[in-house]
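> all I have is the shape, not the residue letters:
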């Protein structure tokens, strides 16, 4: 069903993936980042870092766990911003997508359309320093394994108890990114191996738009 505002929702599913975008003009433009909210074969809704008018054409890269999907899209409606007004909410339709990228999109959507909400984690190997929030002492050094907008797999040299809130710094070529996260699980003792880092599941608790935007650049711009 398509409403008078031009919104087509019946074929879109709540899937969050990081994206990079460029305004489609004759000259090179500055890259922006954002996140999809809903994704379908004909278009998507997204939170973007910049303000655009309806009919604006963009080149878009959607990052997935199988590699990027490159496409061109047109803004067809503009939604209300959040109360903080930090991000801009848009509906976009695809205007040009190569057959192989369309097939990759279909292959991506099919399994994710069967779950209530999909925030795909992407492989990401970054060094991390962290310590329990408001605690002193030397920081722990670890590595990321997978990451999404909402959290990550974090590998550390010792067990951190679930419920612990960590002050984290991710180190990448984009520069350090400071954020907070709560440990929600740790690797079972019987699965740990001597000399290897220990897996932890971390849910990000500093979910501001500036952090989400930085994560979008980090994940969508990965090799």
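Arrived safely. Remember, it's a predicted structure, so these values are computed and weren't measured experimentally.
> residue contacts, residue 139?
129, 130, 131, 169 (C-beta atoms under 8 Å, 6 or more residues apart in numbering). All C-beta spots, glycine's among them, are computed from the backbone N, C-alpha and C.
> so which of those residues would you say is closest to residue 183?
Sorting these by how near they are to residue 183, with C-beta to C-beta, puts residue 130 at the top with 9.9 Å.
> beta partners for the closest one?
Residue 130 forms beta bridges with residue 140, residue 168, as assigned by DSSP bridges.
> would you confirm that it contacts residue 142?
Yes - counting by C-beta atoms under 8 Å, residue 130 does reach residue 142; the two are 6.7 Å apart.
> related to what we said a few turns ago, hmm, which two among the contacts of residue 139 are most spread apart?
131 and 169 (9.6 Å).
> most remote residue from the protein's center?
Distance to the chain centre peaks in the chain at residue 194, reaching 32.7 Å (criterion: C-alpha atoms, centre = their mean).
> from the chain's centre, how far out does the lengthiest strand in the chain sit?
Scanning the chain for the longest strand, with DSSP state E as the assignment, gives strand 67-78. Using C-alpha atoms, centre = their mean, to the nearest Å, the distance from the centre of strand 67-78 to the centre of the chain it belongs to is 16 Å.
> partners of the next helix or strand along the chain from that strand in the sheet?
For strand 67-78, the following helix or strand on the C-terminal side (DSSP states H and E) is strand 88-96. In the sheet containing strand 88-96, the strands it pairs with under DSSP bridges are strand 43-48 (antiparallel), strand 67-78 (antiparallel).
> only the buried residues of strand 88-96, if you could.
Of all the residues in strand 88-96, those buried under the rule 16 or more other C-beta atoms under 10 Å are 88, 89, 90, 91, 92, 94.
> farthest pair within these?
For the buried residues of strand 88-96, with distances taken as C-beta to C-beta, the pair at the greatest spread is 88 and 94 (19.2 Å).
> coming back round to it: any chance of the strands paired with strand 88-96 in JSON lines, with distance to residue 109 too?
What follows is the strands paired with strand 88-96, written out as JSON lines (distance: least, C-beta to C-beta, whole Å):
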{"stretch": "strand 43-48", "distance to residue 109": "10"}
{"stretch": "strand 67-78", "distance to residue 109": "11"}
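> who does the nearest residue to residue 17 once chain neighbours are set aside form a beta bridge with?
With C-beta to C-beta, 6 or more residues apart in numbering as the measure, residue 36 is the residue that lies nearest to residue 17, at 4.9 Å, once sequence neighbours are left out. Beta bridges link residue 36 to residue 46, judged by DSSP bridges.
> mind listing what residue 36 touches?
Taking C-beta under 8 Å, 6+ apart, we find residue 36 in contact with 15, 16, 17, 19, 44, 45, 46, 62.
> please tell me how far it sits from residue 64.
Look at residue 36 and residue 64: by C-beta to C-beta, to the nearest Å, they are 10 Å apart.
> also residue 75?
Relative to residue 64, residue 75 is positioned 22 Å away (criterion: C-beta to C-beta).
> please apply the same query to residue 136.
Noted for residue 136: a distance of 41 Å to residue 64, by C-beta to C-beta.
> quick one, which of those two is more surrounded?
A count of neighbours by other C-beta atoms under 10 Å puts residue 64 above the other of residue 136 and residue 64, at 18 against 6.
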